[in-house]
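1. curious how this folds, go ahead:
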Amino acid sequence: MPDPRVIDWLHSLPEYPKAPRETVHDHHPSGTPPRKRRRFHPPTPETSESGCDEAAAYEPRTAMETHPDPDKRPAPPGNEETPRPNKKIQTPRSESSYSLTSASTTRSGRQSPQKHLISLERSNHGIRIRDIGSLQDPPAGLVKFLTTIRRISRGHGIIPPSAREELGKQPHYQFAEIFDDDSYFAEQREQLGHVPSPEDVVGILAAATECQENLHDESSWNITTATVIKEYLPLQSVSKKVDFCVFVDPTDPHDRSVCLAASGRLPYEVINHTRYFALRQRPVALSIETKKTGEGWDAAALQLGVWQAAHWELLRRLVDISGGGDASALLQQKFEFLPAVIIQGHDWNLVVTTIQGGQTHLWSKIAIGTTNNIMGIYQIVHTLQVLRRWAAETYWPAFRELLLPWQSDAVL
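-> Reported below is the predicted structural model:
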């Protein structure tokens, strides 16, 4: 016997007039248009009402939960006569949920960045992402480096006084903001190298705006063909790529010959943790990972973390081969940290990695500038020049010392 509540509800429904014939644009030979398939996904994602946090966005969902199929459900009696409201699909709105690489476990079985990082955290030779604010008792070299970076992050001393007069003549209003503030200028800025002209800075600002407003794809301007050699990868990890590398190109013939001799003892006979041919005898010092605005930070940190862990493993092997006592202590003594950069759209961030036991710790992050304003561009250029000086004056001398056992094998 029908439920009287259902009958009452059916009678309460309003009558909907049939659409006029002229509004129907699709004509069918049979004269009977097909029934419309019910929509289970709104055309535009709706604001989440669930209040779930970012971690919930990584929880795996079954195919039934994310892609409900009405044909697989038992149809109740009278389904054709009983109108039903459309299903409302809740859409997580965290930053990570917008990144293709930050989704939960994919159809191909790949892990989300969060789950991959959790897995790597458990390994004695894995990777751990740390907040740079929790860094305790860092070595003196790292303290000095971070002090310099934080000063640049505040905009202090990013332009030499010799450029001030030229800035005051520029029509763009942002130059006037810089011109009137003494803290932006410092004599020692000249020592790091060339400062871009105002015209170049405005050109960078325009190019960055073009990329942002017209949603340029990352792959259209990045070259990501250099993969990590598997012998250097952490356990439970897959190979990752980064977008840019800063490398040392030895100019001394003896140094080049020593690099060649040392590479003969390493996987694939290259001096790096990647077998990318152009870098085979050019030691990588600094790596840069780029993402579009809004792409998940976890994915970028994972990519860079795996790459940096492989870099540390290369250095560990060179220390082991060179001998000289406790390899772990010697590694930390020679290389206190390795810096790297993660770019998300306009925003540039510095991270550093350290080695603790066998584990790579990635310390995140210090904002070093943005390409959506003129001051930010000067900050980025200044930071990159500081990193170049670190590569030439700190990293390369320490790396070259590890190659001493091959001095006698060098062929000039």
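
2. SS state for S257?
-> Secondary structure, DSSP: H, G, I helix; E, B strand; the rest coil: S257 is helix.

3. burial count for it?
-> The tally of other residues near S257 (other CB atoms under 10 Å) stands at 18. Every C-beta, even on glycine, is put in place using the N, C-alpha and C of the backbone.

4. now E187
-> Per other CB under 10 Å, the neighbour tally for E187 reads 10.

5. what does it show for phi and psi?
-> Main-chain torsions, E187, degrees, to the nearest 10: phi -60, psi -40.

6. and if you look at A340?
-> For A340, the backbone dihedrals are phi -160, psi 170 (criterion: degrees, to the nearest 10).

7. residues contacting it?
-> Going by CB atoms under 8 Å, 6 or more residues apart in numbering, A340 touches 286-289, 304, 308, 350-353.

8. hmm, try it at 6 Å
-> Counting by CB atoms under 6 Å, 6 or more residues apart in numbering, A340 makes contact with 287, 304, 351.

9. look up how far W390 lies from it.
-> 12 Å (CB to CB, to the nearest Å).

10. also K144?
-> For K144 relative to W390 (CB to CB), the value is 10 Å.

11. of these two, who's got more company?
-> Shown here are K144 and W390; by other CB under 10 Å, W390 has more neighbours (20 against 12).

12. show me what counts as buried in the helix or strand harbouring that one.
-> Following DSSP states H and E, one finds W390 within helix 374-390. For helix 374-390, burial by neighbour count (16 or more other CB atoms under 10 Å) applies to 374-387, 390.

13. just these now: which is nearest G133?
-> Among the buried residues of helix 374-390, T383 lies closest to G133 (CB to CB), at 19.1 Å.

14. which residue, other than its chain neighbours, is closest to the closest one?
-> In space, and not counting its chain neighbours, T383 is closest to I368: 4.4 Å by CB to CB, 6 or more residues apart in numbering.

15. I'd assumed A262 was in contact with W406.
-> Yes: under the criterion of CB atoms under 6 Å, W406 makes contact with A262 at 4.5 Å.

16. settle it for me: which of those two has more neighbours?
-> A262 (24 against 19).

17. what's the following helix or strand after the regular element (helix or strand) spanning the more buried one?
-> Per DSSP H and E: A262 is located in helix 253-263. Sequence-wise, the next helix or strand downstream of helix 253-263 (DSSP H and E) is strand 284-291.

18. do a quick rundown of the strands in the stretch 51-200 of the chain.
-> Counting by DSSP state E, counting those that start in this stretch, the stretch 51-200 of the chain has these strands, from start to end: 127-131.

19. max-length helix in the chain?
-> Using DSSP state H, we find that the single longest helix of the chain is helix 297-322.

20. quick one: that helix to helix 253-263, angle?
-> Orientation check (axes from the mean of the first three to the mean of the last three CA atoms, to 10 degrees): helix 297-322 against helix 253-263 gives 100 degrees.

21. helices or strands up against helix 297-322?
-> helix 113-121, strand 127-131, strand 284-291, helix 327-334, strand 338-344, strand 359-370 (3 or more CB pairs under 6 Å, 6 or more residues apart in numbering; DSSP states H and E).

22. and A299, which of these is closest to it?
-> Closest of the helices and strands packed on helix 297-322 to A299 is helix 113-121, at 4.6 Å (criterion: CB to CB).

23. so for that closest one, mean pLDDT?
-> Average pLDDT, helix 113-121: 72.

24. correct me, but H382 touches I158?
-> Yes: applying CB under 6 Å, one finds H382 in contact with I158, separated by 4.7 Å.

25. got a list of what the closest residue to L330 other than its chain neighbours touches?
-> Leaving aside its sequence neighbours, L330 sits nearest to V319 (CB to CB, 6+ apart; 5.3 Å). By CB under 6 Å, 6+ apart, the contact list for V319 reads 327, 330-331.

26. same thing but 8 Å
-> V319 makes contact with 327, 330-331, 334, 402, according to CB under 8 Å, 6+ apart.

27. do N124 as well
-> N124 makes contacts with 357-359, as judged by CB under 8 Å, 6+ apart.

28. ok, those vs S257, which is closest?
-> Closest approach to S257 among the contacts of N124 (CB to CB): G358, at 32.2 Å.

29. the closest one contacts H125, correct?
-> Yes: using CB atoms under 8 Å, G358 is in contact with H125, at 4.2 Å.

30. re the thing from before, any chance you could list what contacts the helix holding W390?
-> Applying CB under 8 Å, 6+ apart, the contact partners of helix 374-390 are 145, 148-149, 152-153, 155, 157-159, 172, 174-175, 177-178, 184, 189, 192-193, 195-196, 201-202, 204-205, 246, 285-286, 339, 341, 346, 348, 350, 368-371.

31. mind running it again at 7 Å?
-> With contact meaning CB atoms under 7 Å, 6 or more residues apart in numbering, helix 374-390 is reached by 145, 148-149, 152-153, 155, 158-159, 172, 174-175, 178, 192-193, 195-196, 201, 204-205, 246, 286, 339, 348, 350, 368-371.

32. for that helix, list the C-alpha coordinates in PDB.
-> The C-alpha coordinates for helix 374-390 follow below in PDB (Å, rounded to 0.1, in the frame of the first residue of the first chain):
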ATOM      1  CA  ILE A 374      59.300  46.400  -8.600                       C
ATOM      2  CA  MET A 375      60.800  46.100  -5.100                       C
ATOM      3  CA  GLY A 376      60.200  42.400  -5.200                       C
ATOM      4  CA  ILE A 377      62.100  42.000  -8.500                       C
ATOM      5  CA  TYR A 378      65.200  43.800  -7.000                       C
ATOM      6  CA  GLN A 379      65.000  41.500  -4.000                       C
ATOM      7  CA  ILE A 380      65.000  38.400  -6.200                       C
ATOM      8  CA  VAL A 381      68.000  39.600  -8.200                       C
ATOM      9  CA  HIS A 382      69.900  40.400  -5.000                       C
ATOM     10  CA  THR A 383      69.100  36.900  -3.500                       C
ATOM     11  CA  LEU A 384      70.200  35.100  -6.700                       C
ATOM     12  CA  GLN A 385      73.500  37.000  -6.600                       C
ATOM     13  CA  VAL A 386      74.000  36.000  -3.000                       C
ATOM     14  CA  LEU A 387      73.300  32.400  -4.000                       C
ATOM     15  CA  ARG A 388      75.800  32.600  -6.900                       C
ATOM     16  CA  ARG A 389      78.400  33.900  -4.500                       C
ATOM     17  CA  TRP A 390      77.700  31.000  -2.100                       C
END
